[in-house]
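**Student:** Give the three-dimensional model of this entry:
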Amino acid sequence: MTAPLLQLSGIHKSFPGVRANDDVDLTLRAGEIHALLGENGAGKSTLVKIIYGLMAPDAGSIRWQGDTVTITGPKAARRRGIAMVFQHFSLFESMTVLENIALALPDERDMSALSERIVAVSYGYGLALEPDRPVHTLSVGQRQRIEIVRCLLQDPRLLILDEPTSVLTPQEAENLFGTLRQLAHEGRAILYISHKLAEVRALCDSATIMRRGRVVAQCTPREETNESLAEKMIGSVVKRADRQQAPTGADIRFEVTDVSLPRRSEFDVPLSDISLQLCGREILGIAGVAGNGQGELLSVLSGERRLPAGSGDVRLDGRSVSRLGASARRRLGLTYVPEHRIGQGAVADMPLWENAMLTGFIRRALLRLGFIRRDDSRAFADDIIGRFDVRAGGVSAEAASLSGGNLQKFIVGREVMQAPCVLIVAQPTWGVDAGAAARIHEALAELAAAGTAILLVSQDLDEVFAICDRIAVIAGGRLSATYATDQVTEAQVGLMMAGAGDGGDAGGGPPAALEPVGA
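**Tutor:** Numbers count the residues shown, from 1 in each chain. As a prediction, this is how the structure comes out:
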């Protein structure tokens, strides 16, 4: 057993009303890939921010290579050999790969030499990059390579990764795992945060599991099952959504016909001849790597962006809504869970009951003669909190005070509890723990069983295959043919997401042995 590279002992960190870390111990060794697991709000993010110097602990000690240290900030962490790749990228899209990396290496003066180093390091670790390529021309997977290579150029001893595969295809994720195994073989330590338990079991040598700020278990992931890991994280058995096959011949509730849309800026993805049909009691999944037109398509379907004449048609229960805005579509029965929780799904500094009223006022009648019905709005928010197990300080708690997973449960619950005829939901469990994901999936399954037509847009293939009846892939602003989920594999869909072997409108022929199916 090698000596510890990093040892945290008795770490405490509190915020008003919350003890985020409570007597936390963590040991990392060189050459080890160590998972840090826990449900949303368990204290993982606080702990890694302490390691990386973004926060100072209230109590406890940090030992680095045997010496007790104080990490005063990210710059001090990087000097010691600690690097971190965050879940949300920090890149300037209008700049090149070289320019983005140079910003993180202020001591580098020779851009030609840095360009050569980028090529050498990126190719050496199977993360090939072109230094002069503008970032806005890169896929999400390639952008993640920039973040990792930027860290590797600093020669770290410890690399922290937060949800690194949340935006990757299965093939890109497997390539990343190869890189991480190579780094561990070189003697570097990897601290790996993920809610995808299957990949944790396949990749990680050991795991520390947190619950409500405390360490509750240490284990070897490959000796566990997905279910046993989830139970350790949550403290109870995780109930999976019970999905029954959607009936055939149901009425079409939502239909998109020949929708095309030009780009409004050089960073937009134009939509080309997108068509789909969605029936009641059905969940149709649209998979795709981020940046392939999902945002543009969702803005058209939700009513945020109205279709100009001659650009196709969107129909809700047989009625054209192409020229109607979001509020009018809500009145007709369409609700929407957007991809971005803060800013689009909720207002950070508003209390939960006001956030519930923002979209619920139409279908829940939370306004009267232009005045807010405060008691009804608070009751609605309280119902959401209770039904979806949202852990918050009551209906007056600000949205920003909730963990990402709890805010996501609240937003999904707000839309589900408006009894829609059609629900459009984007990335419903992105960055959400296993227990919260199961609760969201169960709610979607129950809603579909009650007759609602659900369109789910997600990068998470595990999610799509778990609850969807049919699946299509969006790539380059084109939508593939639709396939029954039991007639296609994740590997085949992953290839389609990467633009290879697309079916239907996405170009090329369908993957071998696949037959498209209609609504």
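**Student:** Tell me which helix or strand Val425 sits in.
**Tutor:** Assessed by DSSP states H and E, Val425 sits inside strand 422-426.
**Student:** Report the secondary structure state of the residue lying closest to Gln142 once chain neighbours are set aside.
**Tutor:** The spatially closest residue to Gln142, leaving aside those adjacent along the chain, is Leu129, at 7.2 Å (CB to CB, 6 or more residues apart in numbering). C-betas here are computed from N, CA, C, even on glycine. Assigned with DSSP: H, G, I helix; E, B strand; the rest coil, Leu129 falls in the coil class.
**Student:** for Leu47, same thing?
**Tutor:** Assignment for Leu47 (three-state DSSP): helix.
**Student:** How about Ala445?
**Tutor:** helix.
**Student:** Surely it is in contact with Ile467?
**Tutor:** Yes - contact criterion CB atoms under 8 Å: Ala445 and Ile467 qualify, at 6.2 Å.
**Student:** Who has more neighbours out of the two?
**Tutor:** Set side by side, Ala445 and Ile467 show more neighbours around Ile467, with 23 against 19, by other CB atoms under 10 Å.
**Student:** so where's the stretch 201-350 of the chain shaky on pLDDT?
**Tutor:** For the stretch 201-350 of the chain, residues meeting the criterion pLDDT under 70 lie at 237-249, 267.
**Student:** any chance you could map the helices in it?
**Tutor:** Here the stretch 201-350 of the chain has its helices, by DSSP state H, counting those that start in this stretch, at 226-234, 294-302, 326-331.
**Student:** Quick one: distance of the last one to the chain centre.
**Tutor:** Put plainly, it is helix 326-331. In terms of CA atoms, centre = their mean, to the nearest Å, the centre of helix 326-331 is found 27 Å from the chain centre.
**Student:** got the contact list for that helix?
**Tutor:** Around helix 326-331, the neighbours that count as contacts under CB atoms under 8 Å, 6 or more residues apart in numbering are Ser302, Gly303, Glu304, Leu316, Val321, Tyr336, Thr359, Ile362, Arg363, Gln418.
**Student:** Okay, now the unreliable bits of the stretch 1-150 of the chain?
**Tutor:** Looking at the stretch 1-150 of the chain by pLDDT under 70, you get 1-2, 88.
**Student:** what do you get if the cut-off is 50, keeping everything else the same?
**Tutor:** For the stretch 1-150 of the chain, no stretch has pLDDT under 50.
**Student:** what about the strands in it?
**Tutor:** 4-15, 18-29, 33-38, 59-64, 67-69, 82-85 (DSSP state E, counting those that start in this stretch).
**Student:** quick one, which of the ones you listed is packed in tightest?
**Tutor:** strand 33-38 (a mean of 25; mean count of other CB atoms under 10 Å).
**Student:** Give me the helices and strands touching that one, please.
**Tutor:** Counting contacts by 3 or more CB pairs under 8 Å, 6 or more residues apart in numbering; DSSP states H and E, strand 33-38 packs against helix 44-51, helix 170-185, strand 189-193, helix 197-203, strand 206-211, helix 226-234.
**Student:** tell me the domain boundaries of the chain?
**Tutor:** Here the domain assignment for the chain is 4-234, 241-333+420-519, 352-417, based on automatic domain parsing.
**Student:** can you redo these as TSV with distance to His340?
**Tutor:** Shown next, in TSV, are these (distance: least, CB to CB, whole Å):
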stretch	distance to His340
domain 4-234	10
domain 241-333+420-519	9
domain 352-417	10
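**Student:** Go through those domains and name the closest to Arg341.
**Tutor:** Among these, the nearest to Arg341 by CB to CB is domain 352-417 (5.2 Å).
**Student:** Can you get me the start-to-end distance on that closest one?
**Tutor:** 15 Å (CA to CA, to the nearest Å).
**Student:** who's in contact with the closest residue to Glu39 other than its chain neighbours?
**Tutor:** Take Glu39 and drop its neighbours on the chain: the residue closest to it by CB to CB, 6+ apart is Asp433, 3.6 Å away. Asp433 makes contacts with Gly38, Glu39, Asn40, Ala42, His195, Met233, Ile234, Gly405, as judged by CB under 8 Å, 6+ apart.
**Student:** ok, back up a step: which residues does the residue nearest to Gln142 contact?
**Tutor:** Counted by CB under 8 Å, 6+ apart, Leu129 has contacts Val97, Ile118, Val119, Ser122, Gln142, Arg145, Ile146, Val149.
**Student:** what about the fifth one, how many residues close to it?
**Tutor:** The one in question is Gln142. When neighbours are counted by other CB under 10 Å, Gln142 comes out with 17.
**Student:** Let me see the mean pLDDT of stretch 158-168.
**Tutor:** Stretch 158-168 shows a mean pLDDT of 84.
**Student:** isn't Arg214 right next to Asp23, touching?
**Tutor:** Yes - counting by CB under 8 Å, Arg214 touches Asp23, with 6.7 Å between them.
**Student:** Tell me the buried residues in stretch 398-418?
**Tutor:** In terms of neighbour count (16 or more other CB atoms under 10 Å), stretch 398-418 has its buried residues at 398-399, 401-418.
**Student:** Grab the nearest non-local neighbour of Ala290.
**Tutor:** Counting by CB to CB, 6+ apart, the residue nearest Ala290 is Val140, at 4.6 Å.
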